[in-house]
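Colleague: would you be able to build a 3D model of this:
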Amino acid sequence: MKSSVELVAGRVIDKPAICCKSKRIAGNATVCHTAPKVQVNQLLKLSMAVLLLTSACRPTQPPFQSVPLKPVTIGCGAETLGGLVFLADAQGHFRQAGLPATVRSFPSGKLALEALLRGEVAVAACASTPVAFAAMSVPDLRVLAVVGSSDSEMKIVARRDRDILRPVDLRGRKIATQKASSLHVFLHLFLLKEGLTESDVQLDFRAPDELANDLIAGKSDAAALREPQLSQVKAALGSNAVVFAERGLYVKYYLLVTRAAFLEQEPATVAAILRAVLAAEKAARANPAAAQTALAGKLQVTTAIAALLWPDMDLRVSLPQALVLCLEDEARWAARSGFVTNRPPPNFLTMMHVATLEQLVPDEVTIIR
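Modeller: Below you'll find the predicted structure:
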């Protein structure tokens, strides 16, 4: 990882020249020319005087001093894949990066993105799906990095007392999900895999913080859920909960997103945010137990649940080519589903801000440009 100095300002360090004695070789003889000792002393004194004079006259480059960064608010969905943002806050990595940051938690990443669009936060951490949707009408969104991904985070939970024992039993049932979210995409793909479509079920679009409570109360027959709501439902329903999982069906990417104006005006702040989440990643790998405890506190789940979820999360800062393909797929799904009309999909490559992360961890940037 390159230093922060390299990110903010280039610096040239002058090294003293190495002086070598010169000799003149004639035939097989080496002829050395020497001066009297007094003359040598006088020459040395003169040289020192010239050196001091030129050093005094030459403008010197002051030592690097970081410019104090302005306070910044980062919105993050209360989700496991936003873990590096929460860990950077809980473990002081934002402060160590010189950034006075406030992390504001939202029930979902989609709501954090909406806060960004309203100007309530400067940076949002959210899944790729709401970004793909928003990019249709907000072309100045910029993706700074992926901070987490998982191919098994989301699941369908049904009530056994509604005679739902197999995926096919979902036909005709009321299934709750958050509209135009990664949960919605997962539900769509899960139904297709099981030979069903959205028209074969009753979709019940709910706010993210209502999904778990409505299923527990019996207002819905099933729901598409992720942590920490998943653990809440399983604990409340016990053996009455039937969980359908499908590892690898859908990879969810969790992104750091901002707007072009903020990126242009506050590049040092963006660099500090990325350094902080990279430090959180390094700390999490070095001490997973401490990271799980800190994350459990932020998500209000037990440390045991955080430890159970840990292997299924890839909390790594990157910008993979697969993200661009994922955004393109989600944008096409949005158009086919009628959520977005008369708007062509944007060029998601133009939304990728690769420069800063590429300076920090070049091997983690694989986007083809």
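Colleague: separation between the residue nearest the centre of the chain and residue 127?
Modeller: Centroid-nearest residue in the chain: residue 147, 2.8 Å away (criterion: C-alpha atoms, centre = their mean). Distance from residue 147 to residue 127, counting by C-beta to C-beta, to the nearest Å: 11 Å. C-beta coordinates here come from the backbone N, C-alpha and C atoms, glycine included.
Colleague: out of all of them, which strand in this structure is the longest?
Modeller: Among the elements of the chain assigned as strand by DSSP state E, the one spanning the most residues is strand 141-150.
Colleague: kindly export that strand (C-alpha atoms) in PDB.
Modeller: Provided in PDB are the C-alpha atoms of strand 141-150 (Å, rounded to 0.1, in the frame of the first residue of the first chain):
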ATOM      1  CA  LEU A 141     -23.000   8.800  -9.100                       C
ATOM      2  CA  ARG A 142     -19.500   7.500  -8.500                       C
ATOM      3  CA  VAL A 143     -18.500   4.100  -7.200                       C
ATOM      4  CA  LEU A 144     -15.400   4.300  -4.900                       C
ATOM      5  CA  ALA A 145     -15.000   0.700  -4.000                       C
ATOM      6  CA  VAL A 146     -16.600  -2.600  -3.100                       C
ATOM      7  CA  VAL A 147     -16.300  -3.200   0.600                       C
ATOM      8  CA  GLY A 148     -18.000  -6.600   0.900                       C
ATOM      9  CA  SER A 149     -19.700  -9.300  -1.100                       C
ATOM     10  CA  SER A 150     -21.500 -12.600  -0.500                       C
END
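Colleague: that older thread, now for residue 147 and residue 127: what residues contact both?
Modeller: Listed contacts common to residue 147 and residue 127 are 81, 254-255; contacts here mean C-beta atoms under 8 Å, 6 or more residues apart in numbering.
Colleague: for residue 104, list each beta-bridge partner.
Modeller: Beta-bridge partners for residue 104, by DSSP bridges, are residue 75.
Colleague: any idea how the protein splits into domains?
Modeller: According to automatic domain parsing, the chain comprises the domains 72-150+252-364, 155-244.
Colleague: TSV please, covering those domains and showing mean pLDDT.
Modeller: Listed next are these as TSV, based on pLDDT from 0 to 100:
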stretch	mean pLDDT
domain 72-150+252-364	95
domain 155-244	96
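Colleague: one step back: what's the next secondary structure element after the longest strand of the chain?
Modeller: Using DSSP states H and E, the helix or strand that follows strand 141-150 towards the C-terminus is strand 155-159.
Colleague: spit out the contact partners of residue 84.
Modeller: By C-beta under 8 Å, 6+ apart, the residues touching residue 84 are 147-148, 277, 280-281, 284, 315, 317.
Colleague: I meant residue 224, not that one.
Modeller: For residue 224, the contact set (C-beta under 8 Å, 6+ apart) comprises 154-156, 175-178, 183-184, 186-187, 190, 211.
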